[in-house]
Structures are given as C-alpha cells and as structure tokens.
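> Could you look at this predicted model? Sequence included:
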Amino acid sequence: MSNGIGKKYSFIVVTGSFVNAKSIIKYINTLKPDLVTLVAMGYRATISAEEDLLCAEMIAAGLTNRQENFEKRIVDLKNSSGKRFFNPENISYSPPTDFFLCTMSNRFNFVLKAVTRLDGNIDLMKVEL
C-alpha cells in the first residue's frame, strides 16, 4: 500500500454553490478521482462563512451517498449568516433577493471549471452536464 509520498497528482478546480451542488457531485463522480478536496472560501477568503461550510457539507454528503435533507438548514441561514441580506443598511449591495437567488438548490446543470490560460491567469469554463 502506498502512502502517496512522492506521487504526482494532477488536479481539476471547479467552483460551485448551492445552485449547482448536484452538478458538482455528478461531475466529480464521473471523474472518479482518488482525492477530492472541498474548500469553503468564505468571505474574501479570510473569514469563514456558514453558507459555504454548509454547501461543502452538502456536496460531501452527495459524494459519499449520505442521504440528508439540507433544505431546512439552508432556509435557516436567513436567521444566521444570511441576516446581512435583510439589513436595510446593506440593501444597495446585498439585497434580500440575493439571498434567495444564492440559496436555490440545484438550479443549474453545469459546473464552472478553472482553466489556466497561456498568460498564467485563470478563466472559468462552463461544463454542461
């Protein structure tokens, strides 16, 4: 049995959220990778965000065939980290409609895959499923 030390891995980066969680699961399952790493980026990639952690948990559950209903927990975000969408002071840049649009589960049948350009920058390529 190998411990993986010295083994070279290729990797694929996809972005996602609640709106395409099932598509992410389906895409990863078609690739059959040895290793999957879920990264919940949070707020500006510096502060943990409850919604990102919940989405990662939802994807992990799907990848391991763990049946769990996440809908109530997603709705409950409105009373925790999602409260900012309902604060009148934030309305100009974070309106309540954004909360509902961002928390619609499985609305889209595609993933966005990171592709490195020749100049080293990264584009996101739509992969239909």
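Now that the structure is in, tell me what you want to look at. Numbers count the residues shown, from 1 in each chain.

> How far off centre is the host helix or strand of residue 127?
Under the assignment given by DSSP states H and E, the secondary-structure element containing residue 127 is strand 122-128. With CA atoms, centre = their mean, to the nearest Å as the basis, strand 122-128 stands 14 Å off its chain's centre.

> what lines up beside it in the sheet?
Partners of strand 122-128 in the sheet, by DSSP bridges, are strand 110-116 (antiparallel).

> What mean pLDDT does the partner strand get?
For strand 110-116, the mean per-residue pLDDT is 97.

> one step back: which other residues reach the strand holding residue 127?
Judged by CB atoms under 8 Å, 6 or more residues apart in numbering, the contacts made with strand 122-128 from elsewhere in the structure are 14, 15, 27, 109, 110, 111, 112, 113, 114, 115, 116, 117. Using the backbone N, CA and C atoms, a C-beta is placed for each residue, glycine as well.

> can you tell me which two in the residues you listed are farthest apart?
The distance between the two most remote of those (CB to CB) is 25.6 Å, for 109 and 117.

> Of the contacts of strand 122-128, just say which sits nearest to residue 87.
The nearest member of the contacts of strand 122-128 to residue 87, counting by CB to CB, is residue 15 at 26.5 Å.

> So for the closest one, what's the pLDDT?
Confidence per residue is given as pLDDT, and for residue 15 that number is 94.

> Spit out the contact partners of residue 64.
Contacts of residue 64 by CB under 8 Å, 6+ apart: none found.

> what residue ranges in this structure are flagged as low confidence?
Under the criterion of pLDDT under 70, the regions of the chain flagged as low confidence span 1-4, 6.

> State which helix of it is the longest.
When every helix of the chain is counted residue by residue (DSSP state H), the longest turns out to be helix 50-63.

> Residues contacting that helix, please?
16-18, 21-22, 24-25, 28-29, 36, 38-42, 66-68, 70, 73-74, 77, 80-82, 102-103, 105.
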